[in-house]
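> no FASTA, just this:
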């Protein structure tokens, strides 16, 4: 026997799915048409927290922005001085739930960039130098932000103004990143620092001196590379340690 509570529960969830589906912002919807561009197959999930300055926001194809997110350009909905491409997100990106990306001049995410939940990215902060003016009224310098294609930004990470994050980078959960981060690296911590990087011809190596990162080759291959390196090469000692630590053929 189906109880009244079960029927009501089903009805509520059906209405919820209906509202989510038809409330989403996609190409061909009224709000979607307000975007600078919104690629085929892209979607901003409903409900969103805030969408502001949408005519300066450009999303590529196949990009998903999760529930409760904020995408904004400018300082207010009435801001008349918006840049043409204040916030640009590439193809096949994922912006996790409750994330905030707030641009004033330029934030650009490449293709296939994935953000965990609760990520925060901004290209401007606040000053504090004037002791008589509230901090929130001391508008900071605009410093463009870029995130290279293929990068993963973990849960709760913060990307500060001026950050230039490379391609295929991993930003650890909860990290705070500012400045340049090279391609093919792993950055963690507060403040963020690179702890691993891809060394061409060698593999993934630690930048902290630890031996826990295995190169992308077995011991025989490592030995062959080792023979080609000059004595002063910085990777020589680490590779030599790897050969000693791992049996040939392991």
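All right, it came through fine. Quantities reported herein were computed from a predicted structural model and do not represent experimental measurements.
> may I ask which helix or strand of this structure has the lowest mean pLDDT?
Lowest on mean pLDDT, DSSP states H and E among the helices and strands of the chain sits helix 236-245, with a mean of 54.
> how about stretch 55-71: buried residues?
Neighbour counts using 16 or more other C-beta atoms under 10 Å place 56-71 of stretch 55-71 among the buried residues. Where C-beta positions appear, they are placed from N, C-alpha and C, glycine not excepted.
> next one: stretch 26-42
Taking 16+ other C-beta under 10 Å as the criterion, stretch 26-42 shows 27, 29, 31, 32, 35, 36, 38, 39, 42 as buried.
> go ahead and name everything in contact with it.
Residues from elsewhere that reach stretch 26-42 (C-beta atoms under 8 Å, 6 or more residues apart in numbering): 25, 43-44, 51, 54-65, 84-85, 91.
> the longest strand in this structure is where?
In the chain, assigned by DSSP state E, the strand with the most residues is strand 193-199.
> neighbouring strands of that one in the sheet, and parallel or not?
strand 185-188 (antiparallel), strand 203-206 (antiparallel) (DSSP bridges).
> I'd say residue 195 and residue 188 touch.
Yes. Between residue 195 and residue 188 there is a contact under C-beta atoms under 8 Å: 5.6 Å.
> for residue 155, see how far away residue 199 is.
Noted for residue 199: a distance of 28 Å to residue 155, by C-beta to C-beta, to the nearest Å.
> which one of the two has more residues nearby?
residue 199 (17 against 14; other C-beta atoms under 10 Å).
> who does the more buried one form a beta bridge with?
For residue 199, the beta-bridge partners under DSSP bridges are residue 203.
> was I right to think it contacts residue 205?
Yes. Here residue 199 reaches residue 205: they are 4.9 Å apart, a contact under C-beta under 8 Å.
> in what helix or strand does residue 20 lie?
Residue 20 belongs to helix 4-23 when assigned by DSSP states H and E.
> who's in contact with that helix?
Against helix 4-23 from outside (C-beta under 8 Å, 6+ apart): 45, 46, 47.
> wait, the last one touches residue 68, no?
I take that to be residue 47. Yes. The pair residue 47 / residue 68 is scored as a contact, 6.7 Å apart, by C-beta under 8 Å.
> ok, now which ones touch the residue nearest to residue 110 when sequence neighbours are not counted?
Nearest non-adjacent residue to residue 110, counting by C-beta to C-beta, 6 or more residues apart in numbering: residue 149, 3.3 Å away. Contact analysis of residue 149 by C-beta under 8 Å, 6+ apart lists 90, 110, 111, 112, 113, 167, 168.
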